[in-house]
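J.: The following comprises the amino acid sequence and a computationally predicted model.
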Amino acid sequence: MSRYAVIGSNSFTGACFIEYLLNLPATEKILAFSRSLEKTELFLPYLSHPAAHKVTFIQADLNHDLGRVMGVLRDVQPEYLATFAAQSEVGPSWENPQHWYQTNVVSMHALYFGLKDLGFLKGIIHTSSPEVYGTCEGYIKEDAPMNPSTPYAASKAGGDLALLPLIKNFNLPVRLIRATNIYGKHQQLFKIIPRAAIYILQGKTIELHGGGLAVKSYIHSHDVSHGTYLAMTRGRAGEIYHLSPADGGISVREVVEVICRSLGADFNKVTKVGPERLGQDKAYTIDSTKARSQLGWTDDISRETGITEVVGWVKGNLESILEQPLNYVHKE
């Protein structure tokens, strides 16, 4: 039986990872930390899981409550820990970049500096981002140089670099995950896949930044959770693992076209071209050979299947969804 801690449990990837862990028969207990109150089942799929009683939720903010987080960890002594907590989103990071640096660099380093003294941890996951590389030319590997284009990407790169002295000098058992564009049911509503479906069902027009020409590598949340678990339990300390789809990248425009076909909408009637985002990288295409060969990881959910699943989730929960804010809401 295994005990886990998930920091950032209210995040999309954090919540999906908890659901993944609950499906493992050997899961004994999960500590779920988030700075906000626990969300509803609309965004937290694990709440309706038959084994949801194994999850203990703790509201705590790494920027202010690190001592409390460390105290709970010392009491429960989980064997594995995964960190999904971060200030995310690219565009808003230009408005208050200091908030991104405080959380993603300063507080993240403080967390890992405390974790180095917890000898009961067998494996730690740090969630990084391919955006630390800037625009990806070809399929880049884990040793590519960092070249961030936005404050968000720079803050993630800074957080990654702050880990290196702890790994080198204290043998901190941390593995870094850089997954491409993650999507799935229960995702934040302002993300392009759920947002496009919501707008079409409302009869609203979807604005595509730069015409939607930026190339993304969309990968399903379940496949990312599986890769994260394999890296945490089988991966080598100090290693970076890329998680990206085997079928490569696709433009945002093409993704919206898939959604339009699923809902019987005319792409040209429901979309318009908008200005490009500041610092938008042209492509996120990274090589995931290492995770496939060393961890035995594969991505199993096709893009067509996954997008259709999200559209079905939006249609089935539209009334509840429309009670939620559809735009990003910044929290310091």
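T.: Done, it's in. Residues are numbered from 1 along each chain as shown.
J.: Could you use CA atoms for every contact and neighbour count after this?
T.: Noted.
J.: give me the low-pLDDT residue ranges for this protein?
T.: Applying pLDDT under 70 to the chain flags residues 279-284, 332.
J.: can you pull out the strands in it?
T.: For the chain, the strands defined by DSSP state E cover 2-7, 27-34, 55-59, 80-83, 123-127, 174-179, 181-183, 206-209, 215-216, 218-220, 240-243, 250-251, 271-274.
J.: Nearest residue to residue 154 in space, please, no chain neighbours.
T.: Nearest residue to residue 154 in three dimensions, chain neighbours excluded: residue 148, at 5.3 Å (C-alpha to C-alpha, 6 or more residues apart in numbering).
J.: so that neighbour sits right up against residue 158, yeah?
T.: No: using C-alpha atoms under 8 Å, residue 148 is not in contact with residue 158, being 10.0 Å away.
J.: rewinding a little: in JSON lines: the strands of the chain, plus distance to residue 112 and mean neighbour count.
T.: Formatted as JSON lines, the strands of the chain follow (distance: least, C-alpha to C-alpha, whole Å; neighbours: other C-alpha atoms under 10 Å):
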{"stretch": "strand 2-7", "distance to residue 112": "12", "mean neighbour count": "22"}
{"stretch": "strand 27-34", "distance to residue 112": "15", "mean neighbour count": "21"}
{"stretch": "strand 55-59", "distance to residue 112": "19", "mean neighbour count": "17"}
{"stretch": "strand 80-83", "distance to residue 112": "10", "mean neighbour count": "23"}
{"stretch": "strand 123-127", "distance to residue 112": "9", "mean neighbour count": "24"}
{"stretch": "strand 174-179", "distance to residue 112": "9", "mean neighbour count": "26"}
{"stretch": "strand 181-183", "distance to residue 112": "25", "mean neighbour count": "21"}
{"stretch": "strand 206-209", "distance to residue 112": "36", "mean neighbour count": "19"}
{"stretch": "strand 215-216", "distance to residue 112": "30", "mean neighbour count": "21"}
{"stretch": "strand 218-220", "distance to residue 112": "28", "mean neighbour count": "26"}
{"stretch": "strand 240-243", "distance to residue 112": "16", "mean neighbour count": "27"}
{"stretch": "strand 250-251", "distance to residue 112": "35", "mean neighbour count": "18"}
{"stretch": "strand 271-274", "distance to residue 112": "40", "mean neighbour count": "16"}
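J.: can I get those in CSV with distance to residue 319?
T.: Shown next, in CSV, are those (distance: least, C-alpha to C-alpha, whole Å):
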stretch, distance to residue 319
strand 2-7, 30
strand 27-34, 26
strand 55-59, 27
strand 80-83, 32
strand 123-127, 32
strand 174-179, 31
strand 181-183, 21
strand 206-209, 20
strand 215-216, 29
strand 218-220, 24
strand 240-243, 34
strand 250-251, 29
strand 271-274, 23
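J.: Which stretch among the ones you listed approaches residue 323 most closely?
T.: strand 206-209 (19.3 Å; C-alpha to C-alpha).
J.: Alpha carbons only: can I get that closest one in PDB?
T.: What follows is strand 206-209, C-alpha atoms only, in PDB (Å, rounded to 0.1, in the frame of the first residue of the first chain):
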ATOM      1  CA  ILE A 206     -14.400  32.200 -31.200                       C
ATOM      2  CA  GLU A 207     -11.500  34.500 -31.600                       C
ATOM      3  CA  LEU A 208      -8.300  32.700 -32.800                       C
ATOM      4  CA  HIS A 209      -5.100  34.400 -31.800                       C
END
